[in-house]
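# here's a sequence, model it:
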Amino acid sequence: MDFLSEFTRNPVEGDKGLVLQQVSLILYDVLGRRVRQLWQGPLGAGSHRFVWDGRDATGKAVAAGVYFYKVEVDGQIEAKKATKLP
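Okay, the predicted model is just below:
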């Protein structure tokens, strides 16, 4: 995410680190329906990786196609497109 890259360029002294107070990662289908919330809550400094298993919030496998994920960090929002292959 572009707005997160600024944090990696800043040196950190000692044990001081950045804690993002509110992080949300939500996946939507092309009609704008929420498919699944992959994360909600605080994250500490550093890189974080989230893996989607291709299932919706009920555990059902979703169809191949285009999906959108929205990341909100401390009130800043960024959305990107993802394609799920069959």
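# any idea what Q37 is bridged to?
Here Q37 sits in beta bridges with I26, as judged by DSSP bridges.
# please name the residues that touch it.
S24, L25, I26, L27, A57 (CB atoms under 8 Å, 6 or more residues apart in numbering). C-beta here means a position set from N, CA and C on the backbone, and glycine is covered the same way.
# list the buried residues of the one helix or strand V35 maps to.
In this assignment (DSSP states H and E), V35 forms part of strand 34-43. Buried residues in strand 34-43, defined by neighbour count with 16 or more other CB atoms under 10 Å: V35, R36, L38, L43.
# contact partners for the residue most central in space within the chain?
Residue closest to the average C-alpha location in the chain (CA atoms, centre = their mean): L25, at 3.5 Å. Counting by CB under 8 Å, 6+ apart, L25 makes contact with Q37, L38, W39, Q40, F50, Y69, K70, V71.
# distance of it from Q37?
Here L25 is placed at a distance of 7 Å from Q37 (CB to CB, to the nearest Å).
# same question for T58.
12 Å.
# go on, A64?
A64 is 21 Å from Q37, by CB to CB.
# okay, now the unreliable bits of this protein?
1-20 (pLDDT under 70).
# could you redo the last one with a cut-off of 80?
1-21, 44-46 (pLDDT under 80).
# show me the helices in it, by range?
2-9 (DSSP state H).
# quick one: end-to-end length of stretch 68-79, please.
This stretch, stretch 68-79, spans 7 Å end to end (CA to CA, to the nearest Å).
# and V23, what is it in contact with?
V23 neighbours (CB under 8 Å, 6+ apart): W39, Q40, G41, P42, L43, V71, E72, V73, D74.
# let me have those residues in JSON lines, extended by distance to P86.
Output for those, formatted as JSON lines (distance: CB to CB, whole Å):
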{"residue": "W39", "distance to P86": "26"}
{"residue": "Q40", "distance to P86": "29"}
{"residue": "G41", "distance to P86": "32"}
{"residue": "P42", "distance to P86": "36"}
{"residue": "L43", "distance to P86": "32"}
{"residue": "V71", "distance to P86": "26"}
{"residue": "E72", "distance to P86": "30"}
{"residue": "V73", "distance to P86": "32"}
{"residue": "D74", "distance to P86": "36"}
